[in-house]
Every structure is written in structure tokens, then in C-alpha cells.
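S.K.: Generate a structure from the sequence data that follows.
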Amino acid sequence: MTDILLVWLVTTVSFLIVARLPIGVELDSLGKAAIAAAIFGIINALLRPILVLLGLPFIILSLGLFLFVINATVFGLAALLVRGFRLRYGFWSALIGSIALSIVNSILLSFI
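M.R.: Take a look at the predicted model:
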């Protein structure tokens, strides 16, 4: 249980860091970042495996690059569900934001 809370807190901090980057990801407050991290985690756990299974032919044909599109879709869906979490440039903000979130999250989790 503590591992889940720790990952959620790190993801919240990662969302705040990504929102500071000039890539078009906007978050209103710390509370919105915490909600966005929780929603992102739930969507990632429930919907992402289904999307990967449905997109498997595209993933194979693109040699795995379609996974970036799936990650951007999950990121964008979280932005749609959380009020106060906006993507200024639409899909491109979601794509760059999901890549930045995974990099920042990996760096922060490596310290823990």
C-alpha cells in the first residue's frame, strides 16, 4: 500500500514539473496535479492494456512507435477528465507531455 502512495506522490510531483515545461501542459494547482496523477494511474492500469492489445498490429508494424500514440491517448484522456488540467496544443502537447512525464517520473523514482 505504501508503494502505491509513493508512486502516486512521485507522479504528482512529476505532473507539476511537466506543467512548468514550455510544452503546452497546464495545471491549475497541486490538488489538480494530485487528482490528475490518480486518474492517470487508474486509466493507465485499466485502459492501457486494452489499447495495447487492440493496437498490437500497429505496434508491430511501427516497431513499437505506436506505443507513444497510446501513451499520448492516455495522457489526453486524463486531461479531459480532470478540470484544471489542460493541453494547449492538443495531441502534440499530450505526446510531448507523456514523454516528459515518463522521463521525469523515471528520474524521480530512481532516487527513491
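S.K.: Please work out how many residues are found near Leu46.
M.R.: Residues within reach of Leu46, counting by other Cβ atoms under 10 Å, total 9. For glycine as for every other residue, the C-beta is placed from the backbone atoms N, C-alpha and C.
S.K.: Also Leu80?
M.R.: Leu80 has 12 nearby residues by other Cβ under 10 Å.
S.K.: now Val10
M.R.: 19.
S.K.: can you tell me how far Leu16 sits from Leu6?
M.R.: Plainly put, Leu16 is 16 Å away from Leu6 if you go by Cβ to Cβ, to the nearest Å.
S.K.: Run a quick check on Ala38 versus Val7, I expect a contact.
M.R.: No - counting by Cβ atoms under 8 Å, Ala38 does not reach Val7; the two are 10.7 Å apart.
S.K.: I'd like to know which elements the helix ranked longest in the chain is packed against.
M.R.: For the chain, the helix with the greatest residue count under DSSP state H is helix 91-111. Applying 3 or more Cβ pairs under 8 Å, 6 or more residues apart in numbering; DSSP states H and E, we find helix 91-111 packed against helix 2-20, strand 25-27, helix 66-81, strand 85-87.
S.K.: got those as CSV, with distance to Gly55 columns?
M.R.: Formatted as CSV, these follow (distance: least, Cβ to Cβ, whole Å):
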stretch, distance to Gly55
helix 2-20, 23
strand 25-27, 23
helix 66-81, 6
strand 85-87, 21
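S.K.: Dump the ones you listed to JSON lines, plus mean pLDDT.
M.R.: Output for the helices and strands packed on helix 91-111, formatted as JSON lines (pLDDT from 0 to 100):
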{"stretch": "helix 2-20", "mean pLDDT": "96"}
{"stretch": "strand 25-27", "mean pLDDT": "97"}
{"stretch": "helix 66-81", "mean pLDDT": "97"}
{"stretch": "strand 85-87", "mean pLDDT": "97"}
